Structures are given as structure tokens and as C-alpha cells.
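Student: Quick one, fold the following:
(one chain, ligands or ions: 1)
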Amino acid sequence: MSKLRLVSFLLSAAALYGETGASAWLRYAPLDGPALTASRQAVQPVLSVLDSSPIAGSARDEIIRGIRGMLDRVPRLESGIPQESAIVIGTLAELQASAPTWKLQKPDLIADGYWLKTVTVGRNRYTVIAAINERGLLYGSFALLRKIAIGEPVLQLDELSNPYAPVRWVNHWDNLAGTIERGYGGRSIFWDAGKVRGDLSRVSDYGRLLASLGINGCSIDNVNADPKIMSPELAPQIARIADAFRPWGVRIAVSVDFTSPQKIGGLPTFDPLDAKVVEFWKTAIDKLYQSVPDLAGVVMKADSEGRQGPSAYGRTHADAANVVARALKPHGGLIFYRGFVYDNHMDWNNPKNDRGRAAWDNFHDLDGKFDDNAVIQIKNGPIDFQVREAPSPLLGTLEKTNEALELQITQEYFGQSKYNVNLVPYWKDTMDFDMHAKGAGTPVKALAAGKVFHQPNSGFVGVSNIGLDDNWSGNQLSQGNLYGFGRLAWNPDLSSKQIIDEWTKLTFGLNPKVVDTIDAMQLSTWKTFEHYTGPLGLQTLTDIVGDHYSVNVEASEYNGWGQWHRADAKGVGMDRTVATGTGFIGQYRPEVAKVFESEATTPDDLLLFLHHVPYTYKLHDGKTVIQYLYDAHYQGVEEVAAYVQQWKALKGMVDEQRYNQVLTQLEYQHGQAIVWRDAVNVWFEAASKIPDGRGRVGHWPGRVEAESMTLAGYTVQDWGKPGIDPRGIAKTPAPGTRGAPVGQPGPPQAGAPGRGAGGGRGGFGASPPAEDASGGKIVVCTAGAAAPCSASTKYTGVAGTYSLNVEYFDTPNGASHYRLFVGKQVVDEWVGDLRLPSRRMDAGASTRHTTEGVALRPGDEIRIEGKPDGMETAALDYLEILPDKN
Ligand code: GCW
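Tutor: Numbers count the residues shown, from 1 in each chain. Below you'll find the model as predicted:
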């Protein structure tokens, strides 16, 4: 074995033992078998790079790194056109100059696009990576390496790939302090304690990941912008970030605060039409360009969620965007002005009020009034990245204005970094939706890319999900969402299957069993999540005034945030029809509106997003809405349970470290899916008074409620009766009490988990909803760590081997210690020290610990001992004794 082979053998053995995930999809793991033979035959270990730019330098280094890793060969660098088979990287102009006889021409190639072409001259075969600009060379190099890594043939190439849209950006909601709003992958790679980090090596690594997907822009600070981002002392620091990204062809942008003229400029006003304000923006932007000459532009959130905007002076969003656009124009910069503008103090009693209308109401009249370097950045749905929304009608409305589709890669409403939800099928669903903006055949993707109305500065923006965590995104699987966003931004015509399959192979290798299992799982996770969180367009029934994570059916109601689902005793759903509802449906083009206006033609999965129907309303297959809700939640749980089993079957085929991490994640998700199922189903059964036709809701086999066990030290806490908040059933409340003091939700706190108090029974400070606890009660141990509490029960079933599930509450303010006994024997012990998003004892803190293979005989005493820690009370919800599956 050569030395190099030995090294790579050792490396791959180590890889099977443990990978951190830091290499993400750029692992360049050694190939073997036919894939290795074929690629070695096709790819020459000789490389010549005709272009001398730093970006082409990145391409060169990447090719060397990739071939070394995958093919166990160290490419030899040559210049010009080698007289032997080689990989040749160069722009078309350079290729034509160096190899005129090859006559390489590709008129269709556009900026950033690439052409992989095999040229055969005599016995020499050249693998050519051609482009018309440097970025294209880099993107083409990554594309070639991707093909090799996933085992595609590269012997005879003739592949042109152009980007679908010029704008392929990520936004970061990173605060200058280093926290990240809605970030679940650790702290910011850019910022710390108000400054740019000293060590920006992770920024370079990130630039490489972005470049591998063709992402060409990145905004580096929160859209809830700190005015200090424009302060002169930060400019040279920001320049360091731009320097770290530049070799990867990623240009930076900054999010700016609309009140900067006042807060940073010291002016008495920030009126966009005031001459001094105009001057401020010009000078401030000029200064930024002195430090970052290739700044891509700025992002702006104004008049939204407590941020000030042009309405303060009676000006329009066009006035606001244009004043900055004009300052950017001489430098070629763009402003992304966010379409996410709505009133978060709406009266929830008024059935005509609808947050869903807001983007369109605010912007459609302004079409044509924005400068040509202003882009309206529009979220995919009209509400806010919920599990399923109809596409924002504004996407199909603007004809004379650049627009960009904003997608959220970070899983704010999708279980954050705790659940496995691959968002690619969800995004595809929106992108492929035909808006009929100019007759049939105008899908969202084409509109967003400016193809329909010929807007040149359009495309896709994703709110990124990465931080300093080793694995970037807080868990191994969420990396697939950044990958998927990038691939879709490059080519939204790729299928979900293709994108997920690539990602799986790049991330977990080519073993067919591994690939098939992970592909199938990732393709289905969005629908699974929908099943157990918010089916039929009900959206996510999550704690929208709190952590955006825990189940909390009523948190959306009785407050001004407008994420209402209006479930009451008789029915559920938002009536958004023109005929009787908010009129939202009228914002679509007539062909789409016609389908949505009628319940009968509305697809079932959007029914409750668009209509209010009785619980007994029959879906297209004849099932009632209420029964579907029950069934879907059971189905979701079964699907997650199946993921656990499927993953277990991969033991030994995935490196141990990632195998264990993913298994823990899926098992946790399974427990949470049960919490969601029970809370939602119990709530709807209580509200509708229609029992589950299959008799499952409220009847949980094998469950022993903690409050019914024999308690020593533990005391019972009663969370009340599940069901509709009294505000929801009050027929004629006293004047002035309706919709009133629900605690004015404040603007979102940077880096904070929620939106402050308020809302249904979900706000911080309020007690958790009763349905968050099985049976509405839990037990808590307030005795302190010195005196552990215990809850015991006598087993009365038949003898056999069982799984014991203990449902307990894991809050962030302590690490309680648990022991599980059968008789005198300790059969398991664990510590409640997960870092969960939930900040209090509620459904989000409710956690399941499973002990498998426990032999039980009638009469055995099962005892749970809980030792509290810090503020955590070793609280228990229930014990469940289920026949062992194994
Ligand atoms: O959904 C909301 C998030 C806020 C975010 C806002 C936005 C950056 O909860 O955290 O603020 O969207 O998109 O501006």
C-alpha cells in the first residue's frame, strides 16, 4: 500500500468512526469500487488553470483537494495547454487564445454559468471547465467534483449550466452582539460583542460552501438592523468579511435601519424626501463602498414589526427604497426592500382583518414606482414561513418592479434545529405554483427570477441557518436545507428527489441502502411534519407569541399578530374568500382566485388557510375535517416512528458519530410528535365535542398518569381543562374587553426566542395550556436536590418484555437526574440536560425517555425517582408501559 493510500485508508477508517459534519457536502470522501475506477479513468491528474484571478485560484485548489480526497491522486499543476490529458480551466476567451484549434464557442453561456466539455485531441483527452467569468469557472469546478462524488460518469462531458436567476443570495439575521435571531446553529460566524470576529476562518469555509451551490451574495447582519452597522468604525471590519468571501465569488450586503439618518447621521429626521436625508444616504453609502468596493447592496426592513419606516412621514415604500437605491446606483448596488410589512396590532375581533392581505395591500399600487436597482423581497407565503401557505399573491402581481422570492432556510417554524424537516419539497411546491400572471404558465419561480416581466435584478433569497457549531446548523440533517436552497436558486427545475439524492450521496456516501433510506425519509419529512403540526392549511399550531416551537393551539388567537386560525366550538379556518371573508383571495389573478374562492375546488391541504368550515365539513375523499385532523396527527407520529426504525437499520453504514447524533434527534422528534399529537387532538376534541371516530384521543394504552401514581415528595400541579379559551366562546363580551389587553406584543427581541407576552394562553408568564400535559396535570418536585422525589406504580399486566416511556419536563434552568427502578433494581438513569427551545414547563419542554427491554411481572413496582436541579423540578407527566417492539 502506498503511503498516500495508507493515509487515506486511515482517514476513511476514522471517518467511519466519527465525522463532525464540518465538511458538510464537500467531504470528498474516498471513492471505491466501480465509481473509483471509472472516475480515475476519466479524470486526469494533470491540471492547468488559464485564468489568474483569485477566484480561479479557489477553483484550482478545490479541484486538487477534491481529486486528492476522492481519487487518492495528487494532480500535477501545468500551465497553458498540456501536451497530455488534463483538466483545463479557463474562460472562453482564454481558451480561444490558448487553444485556437479547439474552436470552443458557446454563445448561450451567460455570466456565472459554466460549460463542462470533453475535448479529445489525438490520444489526449481534456476535461474543460469553461465560463465567461471567474465565478463560472469556480462553479464549474464544483460541478465537476460533485459529479465525481456522486458517481456520475465524467468521461464524455458536454454540459452547459446557466443560473436560472442573477440574484442567489442568503440573508443572515445575525446581531452585532453575536447572537442570531432565529438561528439554531450556534453563534454568528461574523460578529461578536459588537465587532467583527478576529478569526474569520469559518467565514471562508462558509464562502466555500456557498460557492459550491452558486450563491453569489450574502447579507451579514439582521434585517432587524442595528443602526450601528453604518457607523464609520465598523466599515473596515466589514471589509474583512468581504475579503474572506471574495475568493469564493460571494459579495456581501448589509442590512440597514431606515432611521439611520437620525440615529447615525444625527439629523432631526429620516424623511426619505428630505434633502439632508438624501445626502446622508449618499455619503454613508459612498463611505461603505470605499471600504467594500464590490458591496452587493443593502437589505431593508421598514414599517414592520415595530420598526419605523416611511409611514412616519406619510411617504411610500417606493420613496423609502428609492432614496437608498439612488445612493447605491453609481456603485452598481441593489437594495432589497422587504415586502414583509404588516400591522401587528390588528383587532382580532374584526373578521375582515387579515394579515395575509398585508404585503399585497402595501405594495401592489406601487408597482412601477421603484427604481430599477430596487428589489421587493417577498416571503413565499403571505403570513410567515408557516408549514403550508398559499403562495403570496404579491409574487404574481408586480409587473414593473424587480422581485425576489424569500425563503427561510432556518427552521424557525419547522422544529428549529431539533426536528428533521427537509424543506426542498415545500419550496418546490411554491416555486412551481402557477400564478397565471400572464395567462397560464407563469410559475412563481419564473416570476421571482424576472423571466415573466423581464426584470433584470430578480431571484432568490434564503434566510440562512448556519452558525459557529461544528456541524453548521445545530444538527447534521438541516445542512440539507442550505444545500437545497442553493441548488434551487441555481436551478429551480431540479426535482426534489434529485436535490435530496445529491445531498445524501455527498453527505453520507454512496451505499445504496443508505442513499435509498435517507432519500425516502428526506423527501417525506415536510409532509410528516405537516401531519403532526398543522394539516389542511391550519398552519403550525405553535407558540407564536413564545418560542415558535412548542405546540400551543391557541397562541395565535386573541392577539394582534394575525396568525389566526379561528378555531371555535363549531368550526375552524380563516375565511379569506371575497364573498364572505377577508377578500384575500381576490388578490390573486382571476384564474387562481376562482379555484380558491370555492371550498369545493380548493385543494384539501389549503382548505383551512382559505376557508372557515364546520368540523363536519367533508374533504374530497369524504372524511370529515375533524376526523382528518385526528388521523393526520396519528399518521405523523407513525411516520416519525418509522424514521427511527429506518435509521437504526443503517447502523454501521454511517460513521458512528453522525449515526448516533441523528438517531438521538429522530428519537427526540418522535417523542415531540406524540406531544403534538396529543395536545392538538385533545384540544380539538374538547373544542368540537366530536370524539375521535377511532376512539384513540384521550385513551392511551399503557399510560399511567404521574398524578395517579403513589407519590413521595412530588406534588400535583393542575393545568386546568383543555379547550377553548373563554375569550373564544364569549358570545357578547362587555364593550372594551374584546381583543383588548392581551399584553401588547412588543417588537421581536433580537436574539430572543419569542415576541413577549400576549396572545392566547401561550404568552410567557401565562400558565401553559392544559392540553400540554397528559390528563391536564403533572407532578413536580420542589423538595430540592437533597431529597429526591419519587412516583411509583404497581404493574398489573401480563408478564413480558416492555418499553417504559417516561415523559418528563426538561427546562433550560437545571439538569434534573432521573432513575427508573423495577423493584429495587435500577433499570435506567438519565439527566434532563437537553438544550431545548422552550423556556418554561410546557409542551416544548416535554421530553420522552425510553427504556427498552424491561422484563416485567405482575406485581412489580415501577418507580421513577427525580432529583431536581437548579430551578428545574424533575417534573413528570406520565409513565407508559408498552410491549417491546424488538
Ligand atoms: O417571522 C418573523 C420572525 C422574526 C423576523 C421576521 C422578519 C427578523 O419571527 O424574527 O425578524 O419574521 O422576517 O422580519
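Student: what about residue 67, distance to the ligand?
Tutor: 41 Å (C-beta to the nearest ligand atom, to the nearest Å). Where C-beta positions appear, they are placed from N, C-alpha and C, glycine not excepted.
Student: ditto for residue 833
Tutor: Relative to the ligand, and taking C-beta to the nearest ligand atom, residue 833 is found at 27 Å.
Student: Residue 810 is in contact with that residue, correct?
Tutor: Yes: shown here, residue 833 and residue 810 form a contact pair, counting by C-beta atoms under 8 Å, at 7.3 Å.
Student: Tell me which of the two has more neighbours.
Tutor: Between residue 833 and residue 810, counted using other C-beta atoms under 10 Å, residue 810 has the larger neighbour count: 24 against 14.
Student: Next up, the contacts around the closest residue to the more buried one other than its chain neighbours.
Tutor: Nearest non-adjacent residue to residue 810, counting by C-beta to C-beta, 6 or more residues apart in numbering: residue 832, 4.0 Å away. By C-beta atoms under 8 Å, 6 or more residues apart in numbering, the contact list for residue 832 reads 808-810, 814-818, 847, 872, 874.
Student: Who does residue 832 form a beta bridge with?
Tutor: residue 816 (DSSP bridges).
Student: neighbours around residue 312, how many?
Tutor: There are 16 residues near residue 312, going by other C-beta under 10 Å.
Student: Is it in a helix, a strand, or coil?
Tutor: Secondary structure, DSSP: H, G, I helix; E, B strand; the rest coil: residue 312 is helix.
Student: how much space between it and the ligand?
Tutor: Relative to the ligand, and taking C-beta to the nearest ligand atom, residue 312 is found at 18 Å.
Student: My guess is that residue contacts residue 274. True?
Tutor: No: with contact defined as C-beta under 8 Å, residue 312 and residue 274 do not form a contacting pair (11.8 Å).
Student: Let me know the helix or strand that residue 391 is in.
Tutor: Remark: residue 391 resides in no helix or strand, with elements defined by DSSP states H and E.
Student: so what's it up against?
Tutor: Going by C-beta under 8 Å, 6+ apart, the list of residues near residue 391 reads 380-381, 430, 433, 435, 444.
Student: Next, give me the two most distant ones among those residues.
Tutor: Greatest spatial distance among the contacts of residue 391 (C-beta to C-beta): 381 and 435, at 13.4 Å.
Student: how far away is the residue lying farthest from the centre of the chain from the ligand?
Tutor: For the chain, the C-alpha farthest from the mean C-alpha position belongs to residue 122; by C-alpha atoms, centre = their mean, that distance is 50.6 Å. Look at residue 122 and the ligand: by C-beta to the nearest ligand atom, they are 58 Å apart.
Student: What values do phi and psi take at that residue?
Tutor: phi 60, psi -120 (degrees, to the nearest 10).
Student: Retrieve the pLDDT associated with it.
Tutor: pLDDT for residue 122: 96.
Student: who's in contact with the closest residue to residue 426 other than its chain neighbours?
Tutor: Ranked by C-beta to C-beta, 6+ apart and with sequence neighbours excluded, the top spatial neighbour of residue 426 is residue 526, at 4.7 Å. Listed by C-beta under 8 Å, 6+ apart, the contact set of residue 526 reads 387, 421-423, 425-426.
Student: swap in residue 540?
Tutor: With C-beta under 8 Å, 6+ apart, residue 540 has these contacts: 386-387, 413-414, 533-534.
Student: And what about it, helix, strand or coil?
Tutor: coil.
Student: Return the residues of the stretch 251-400 of the chain in contact with the ligand.
Tutor: 301, 340, 384 (C-beta under 6 Å from any ligand atom).
Student: let's go with 8 Å and repeat that
Tutor: 301, 304-305, 338, 340, 379, 384-385 (C-beta under 8 Å from any ligand atom).
Student: So which of those are in strands?
Tutor: Members of those lying in strands (criterion: DSSP state E): 338, 379.
Student: In terms of distance to residue 209, which of the residues of the stretch 251-400 of the chain next to the ligand ranks first?
Tutor: residue 385 (22.2 Å).
Student: give me the number of residues near the closest one?
Tutor: The tally of other residues near residue 385 (other C-beta under 10 Å) stands at 24.
Student: where's the residue nearest to residue 810 relative to residue 870, distance?
Tutor: Remark: distance between residue 832 and residue 870 (C-beta to C-beta, to the nearest Å) = 11 Å.
Student: and for those two, which residues touch both?
Tutor: Joint contacts of residue 832 and residue 870 (C-beta under 8 Å, 6+ apart) are 814-815.
Student: beta partners of residue 542?
Tutor: So, taking DSSP bridges as the rule, residue 542 has residue 551 as bridge partners.
Student: That one contacts residue 550, doesn't it?
Tutor: Yes: using C-beta under 8 Å, residue 542 is in contact with residue 550, at 6.6 Å.
Student: so who does residue 856 touch?
Tutor: Contacts of residue 856 by C-beta under 8 Å, 6+ apart are 795, 797, 799-802, 822, 862, 881.
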